[in-house]
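Chemist: Have a look; sequence and predicted model below, questions after that.
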Amino acid sequence: MDDLKSEKFGRWLFQQMEAKGWNMTDLATRAGVSKQVISKYINNPPEKPDNNVLTGIARAFQLPPETVFRAAGLLPPEPEYVPLLDEWNAVFYELTPDEQQEMIDIARLKVDRRKKSESQPNQKSPSRSKRPARSVL
């Protein structure tokens, strides 16, 4: 964990404690670690945080472990919420497994087409050859 992430995680951890009205001893007890470990994680978080400590902190705060791992910089930020995904999921689950696979295939095809067009921005799409005009005889 780089220094900026460490500082950020230490602040985040301290803010979580303050929001609960806890001190380091309170968090340590609930997380199943020593007060010294909590102090270290607040004041000078380790380069590579211990997964068990982070999981204990998540349990103490009653948060999903992913939330604490993200705060510690070990997971990427949560993706931005897209309201249409709720509708997509609702419709998707009403489909049969074969229809679900078909929808995935269509979505992948669209993404591949977009990526291809973005990688070749100045190329014109191939035009269809024109049929020769019928002669009127």
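Modeler: Perfect, I can see it now. Numbering: from 1, shown residues only.

Chemist: Just give the number of residues close to residue 63.
Modeler: Residue 63 has 13 neighbours, counted by other CB atoms under 10 Å. All C-beta atoms are positioned from the backbone trio N, CA, C, and that covers glycine.

Chemist: Quick check: it vs residue 49, distance?
Modeler: 15 Å (CB to CB, to the nearest Å).

Chemist: Model confidence for residue 48, exactly?
Modeler: Residue 48 is assigned a pLDDT of 86 by the prediction.

Chemist: That one: what secondary structure?
Modeler: Following DSSP: H, G, I helix; E, B strand; the rest coil, residue 48 is assigned to coil.

Chemist: So the residue nearest to the spatial centre of the chain: helix, strand or coil?
Modeler: With distances taken as CA atoms, centre = their mean, the residue of the chain nearest its centroid is residue 78 (3.4 Å). For residue 78, the secondary-structure state derived from three-state DSSP is coil.

Chemist: Tell me who's in contact with it.
Modeler: residue 70 (CB atoms under 8 Å, 6 or more residues apart in numbering).

Chemist: next one: residue 116
Modeler: Neighbours of residue 116 in contact, by CB under 8 Å, 6+ apart: none.

Chemist: so where's this structure uncertain?
Modeler: 1-6, 121-137 (pLDDT under 70).

Chemist: Tell me how it divides into domains.
Modeler: Per automatic domain parsing, the domain ranges recorded for the chain read 3-71, 83-118.

Chemist: Most tightly packed of those?
Modeler: By mean neighbour count, with neighbours taken as mean count of other CB atoms under 10 Å, domain 3-71 ranks first of the domains of the chain at a mean of 16.

Chemist: Return the distance of that one from the chain's centre.
Modeler: Relative to its chain's centre, domain 3-71 lies at 20 Å (CA atoms, centre = their mean, to the nearest Å).

Chemist: Helices of the protein, start to end?
Modeler: 3-20, 24-31, 35-43, 51-61, 65-71, 83-92, 97-119 (DSSP state H).
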